[in-house]
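Student: Just a sequence and a predicted model for now, questions to come.
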Amino acid sequence: MELPGLGEHCSERTCKQLDFLPLKCDACGEVLCKDHIRYDDHKCSSAYKKNVQVPVCPLCNAPIPVQKGEIPDIVVGAHMDKDCKYNPAQQKQRIFTNKCLKPGCKRKEMMKVICEQCGGNFCIKHRHPLDHDCKGSSHPTSKAG
């Protein structure tokens, strides 16, 4: 061997690969290769110290704190029964609610487009007085001209 002092062997008993860029497990402190660095890959006995996952409520998307020894499913279920801020009406909120008043037009816009002459709400296509047969003044005029 040319460089016997470089690198370390993987601590996984089935591997023992010589690795020149070894990784150290942050939970148990063992030296491992890239194939065994994950907690599950080397069956880390100290994974519970570092591998902490916070469950999220499927209804309100809020993180639910779980104490040691508690079962996450039960804690999330209790949250859903008592503390959940889920509002089903809020989820189905419609964005396009402003219906065009032009007869025969079924378009809806996200925001109101009010005609300055008649005060009606119209879609982008019918927003100009000439486009919706405006009855607001005697003769529809355009500010552009």
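Tutor: Thanks, I have the structure now.

Student: What about the residue nearest to Pro63 when sequence neighbours are not counted, how many residues nearby?
Tutor: Residue nearest to Pro63 in three dimensions, not counting chain neighbours: Val54, with 4.8 Å by C-beta to C-beta, 6 or more residues apart in numbering. Bear in mind the C-beta positions are built from the backbone N, C-alpha and C, glycine included. Look at Val54: counted by other C-beta atoms under 10 Å, it has 9 neighbours.

Student: ditto for the one 10 residues further on
Tutor: Ile64 sits with 18 neighbouring residues when counted by other C-beta under 10 Å.

Student: Spit out the contact partners of it.
Tutor: When contacts are counted by C-beta atoms under 8 Å, 6 or more residues apart in numbering, Ile64 touches 54-57, 72, 75-76, 79.

Student: Narrow these to those in helices?
Tutor: Here DSSP state H is the test, and those give 72, 75-76, 79 as lying in helices.

Student: Between the two ends of stretch 50-58, what distance do you get?
Tutor: 24 Å (C-alpha to C-alpha, to the nearest Å).

Student: hey, where'd the strands end up in the protein?
Tutor: When assigned using DSSP state E, the strands of the chain occupy the ranges 8-9, 18-19, 23-24, 31-32, 98-99, 108-109.

Student: Who does the third one pair with, and is each partner parallel or antiparallel?
Tutor: Sheet neighbours of strand 23-24, with direction, are listed as strand 31-32 (antiparallel) (DSSP bridges).

Student: for the record, mean pLDDT for the partner strand?
Tutor: The average of the pLDDT scores along strand 31-32 is 94.

Student: In CSV, list the ones in helices among the contacts of Ile64 along with distance to Cys118.
Tutor: Putting these into CSV (distance: C-beta to C-beta, whole Å) gives the following:
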residue, distance to Cys118
Pro72, 59
Val75, 58
Val76, 54
His79, 52
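
Student: Okay then, goodbye and thanks.
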